[in-house]
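[1] below: sequence and its predicted model.
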Amino acid sequence: MDFDACRMEAQKLRRELREHDYRYHVLDDPVIDDQTYDMMLRQLIDIETRFPELVTEDSPT
């Protein structure tokens with residue numbers, strides 16, 4: 001993936017991970033299993049490792 005594709009994917013993953021965090025911790029109503037969440041988080045970590053300039057303050061990593 002090029003930089004722009006990684007930037008868009010990182011934004012998408014952050015948004016989805018925040019939503020899943022909220023559903024799990026606040027609503028006690030998870031909609032994905034832990035394995036899927038962990039896979040998404042690893043994808044975000046990989047992107048942020050490859051492009052450190054994409055790391056944000058609110059990133060769940």
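    On my side now, so go ahead.
[2] what about the helices in this structure?
    Remark: helices assigned in the chain by DSSP state H are 3-25, 34-50.
[3] tell me which of these lies nearest to T56.
    helix 3-25 (7.0 Å; Cβ to Cβ). No exception for glycine: its C-beta is placed from N, CA and C like everyone else's.
[4] angle of that closest one against helix 34-50?
    140 degrees (axes from the mean of the first three to the mean of the last three Cα atoms, to 10 degrees).
[5] let's test this: mean pLDDT of helix 3-25, rounded?
    On average, the pLDDT along helix 3-25 is 98.
[6] now do stretch 37-47
    99.
[7] could you pull up phi and psi at P60?
    Main-chain dihedrals, P60, degrees, to the nearest 10: phi -80, psi 0.
[8] contact partners for the closest residue in space to it that isn't next to it in sequence?
    For P60, ignoring the flanking residues on the chain, the nearest one in space by Cβ to Cβ, 6 or more residues apart in numbering is L17 at 4.6 Å. By Cβ atoms under 8 Å, 6 or more residues apart in numbering, L17 lies in contact with 37, 40-41, 44, 60.
[9] drop anything exposed from those residues.
    Among these, those classed as buried by neighbour count (16 or more other Cβ atoms under 10 Å) are 37, 40, 44, 60.
[10] so the last one sits against R18, correct?
    The reference is to P60. Yes: checked against Cβ atoms under 8 Å, the pair P60 and R18 is within contact range at 6.6 Å.
[11] could you name every residue contacting both of the two?
    By Cβ under 8 Å, 6+ apart, no residue touches both P60 and R18.
[12] hang on, the earlier thing: tabulate the helices of the chain (JSON lines), appending distance to T56.
    Formatted as JSON lines, these follow (distance: least, Cβ to Cβ, whole Å):
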{"stretch": "helix 3-25", "distance to T56": "7"}
{"stretch": "helix 34-50", "distance to T56": "9"}
